[in-house]
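1. Structure for the following, please:
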Amino acid sequence: MPTDLLRRLRLALMLATAILVASAPLLAKMRSDGNSQIIEFQPTSKEATPPVITTLAVHPSGNLLATAGDDHHVRIWNAADGTLRLTLTGHSDWVRTLDYSNDGRLLATAGNDRRIILWDGQTGQLQQVLADHPQAVSKLEFSHDGRLLAAVGFEPKLRIYDLATGQLKHTLGCPCTDMRAVAFSPDDNTIVAGGRNGRLRWWNVNSGRELGSLPAHEQRIRQLDFSRDGRLVFTCSEDRYIAAWDLAAEQEAFRLPRCEAKQFALTVIDDERIATAGSDNVIRIWNFAEQRELHALRGHTGTIHALTAINGSLISGSYDTTVRLWNIGGPIIHQREARVTAPAHGGAQ
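-> Here you go, the predicted structure:
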């Protein structure tokens, strides 16, 4: 059977499965413990265990929250009350990464099955299987204008896709075979990536020309993000440091006090604050302009692997199988919790 026909048949089967699951009754219950809202899935078997949460993203409208982990499913939640809206299937292995486009039209997901899937950002309908990679995909990132999608994973390559055509725009050489982090600058002119060997590398997005490279950390870079003005790149690492980098000067701007645990997650909150988290189960909010810790948020009982912030809220996902929503807009920080209980397929790495 011709390869193109096989690809079309597989896409049709995945689309039918995704629609069936998204529209099926959801076996879940919600309860409150007075301080948090907890969503619990009913186990489908006696052996069922909750999935760890390793990636999450908020729809630009602030109304929807997408989460995923090691049970192969992507779940879409109502961000206001924590109720489950949709469960998307289409992946056959651990989903490591997801991202919404800035206009909210698309949700991109990828992971260990090496497949990048694009979904409708509102309805959850499968739109396109963008690519099959030779290795697992660890991180996806849309450009701010929504025209490009970057992907890195367990190979020494950064791939940038043109979403208008679905074709590769660039395949760029990376500094190691275990890449974990990638981000576009706010103006989409620069893209930076890092991974296992702790080295940062950045390129011109239009031409694909390498612009610079720095030895940033002694161990794996787990996450990175640009400051709102694009002047700094923040990185967190398994060497327990959070650092800021001036790419124009090709040098370190500053380094925050060393943490007690490996750092797995980082997000920029606003023009003055970032949040980081890791294997000590604690979220730390920093004033990076003053290089000091503002808050330490406790509640998770497992490694925190995902963070995102929007409209005065911080959202965290953990190996403890929970997602927590924190109000960080004022002096008092509150939390709500969503817990997922469903079949899992392996541990987190």
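2. low pLDDT regions in the chain?
-> For the chain, the stretches flagged by pLDDT under 70 are 1-48, 330-349.
3. And the helices in it?
-> Along the chain, counting by DSSP state H, helices occupy 3-23.
4. what's across from Phe254 in the sheet?
-> Ala244 (DSSP bridges).
5. Contacts only, for it.
-> Residues near Phe254 by C-beta atoms under 8 Å, 6 or more residues apart in numbering: 243-244, 288, 291. Every residue, glycine included, has its C-beta placed from N, CA and C.
6. next one: Leu294
-> Neighbours of Leu294 in contact, by C-beta under 8 Å, 6+ apart: 273, 285-287.
7. Of those residues, which is the nearest to Asn311?
-> Closest approach between the contacts of Leu294 and Asn311, by C-beta to C-beta: Arg273, at 13.8 Å.
8. So the closest one is in contact with Ile285, correct?
-> Yes: counting by C-beta atoms under 8 Å, Arg273 touches Ile285, with 5.8 Å between them.
9. Give me the buried subset of the contacts of Phe254.
-> Buried by 16 or more other C-beta atoms under 10 Å: 243-244, 288, out of the contacts of Phe254.
10. can you name the two of the contacts of Leu294 that are farthest apart?
-> Ile285 and Asn287 (8.0 Å).
11. Give the residues shared as contacts by the two.
-> Common contacts of Ile285 and Asn287 (C-beta under 8 Å, 6+ apart): 273, 294.
12. what about those two, which has more around it?
-> Ile285 (20 against 12; other C-beta atoms under 10 Å).
13. these two touch, right, the more buried one and Ile328?
-> Yes: counting by C-beta under 8 Å, Ile328 is a contact partner of Ile285 at 6.7 Å.
14. Touching both of the two, which residues are there?
-> In contact with both Ile285 and Ile328: 269, 275, 295, 314, using C-beta under 8 Å, 6+ apart.
15. Reformat those as CSV; add distance to Gly90 and neighbour count.
-> As requested, those are exported to CSV (distance: C-beta to C-beta, whole Å; neighbours: other C-beta atoms under 10 Å):
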residue, distance to Gly90, neighbour count
Ile269, 32, 21
Ala275, 30, 25
His295, 38, 17
Leu314, 29, 25
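16. now, which of those sits nearest His59?
-> Checking those against His59 with C-beta to C-beta, the nearest one is Leu314 at 16.0 Å.
17. Restricted to strands, list the contacts of Leu294.
-> Judged by DSSP state E, strands contain the following of the contacts of Leu294: 273, 285-287.
18. Quick one: the strands in the stretch 1-150 of the chain, in order.
-> All strands of the stretch 1-150 of the chain, identified by DSSP state E, counting those that start in this stretch, fall at 28-32, 37-41, 53-58, 64-69, 74-78, 84-88, 95-100, 106-111, 115-120, 126-132, 137-142, 148-153.
19. Mind checking these for the one nearest to Thr321?
-> strand 53-58 (6.5 Å).
20. can you give me the offset of the closest one from its chain's centre?
-> Distance, stretch centre to chain centre, for strand 53-58: 5 Å (C-alpha atoms, centre = their mean, to the nearest Å).
21. Help me confirm that Pro50 comes into contact with Tyr319.
-> No: with contact defined as C-beta under 8 Å, Pro50 and Tyr319 do not form a contacting pair (9.9 Å).
22. The closest residue to Asp270 other than its chain neighbours and Ala296: what is the separation?
-> The shortest distance from Asp270 to any non-neighbouring residue, by C-beta to C-beta, 6 or more residues apart in numbering, is to Arg228 (7.1 Å). Distance, Arg228 to Ala296, using C-beta to C-beta, to the nearest Å: 24 Å.
23. So between those two, which is more surrounded?
-> Under the neighbour definition other C-beta under 10 Å, Arg228 and Ala296 were set side by side, and Arg228 has more, 13 against 10.
24. ok, the contacts of Leu294 vs Lys262, which is closest?
-> Once C-beta to C-beta is applied, the member of those that ends up nearest Lys262 is Trp286, at 16.7 Å.
25. So what pairs up with that closest one in the strands?
-> Counting by DSSP bridges, Trp286 is bridged to Ile274, Glu293.
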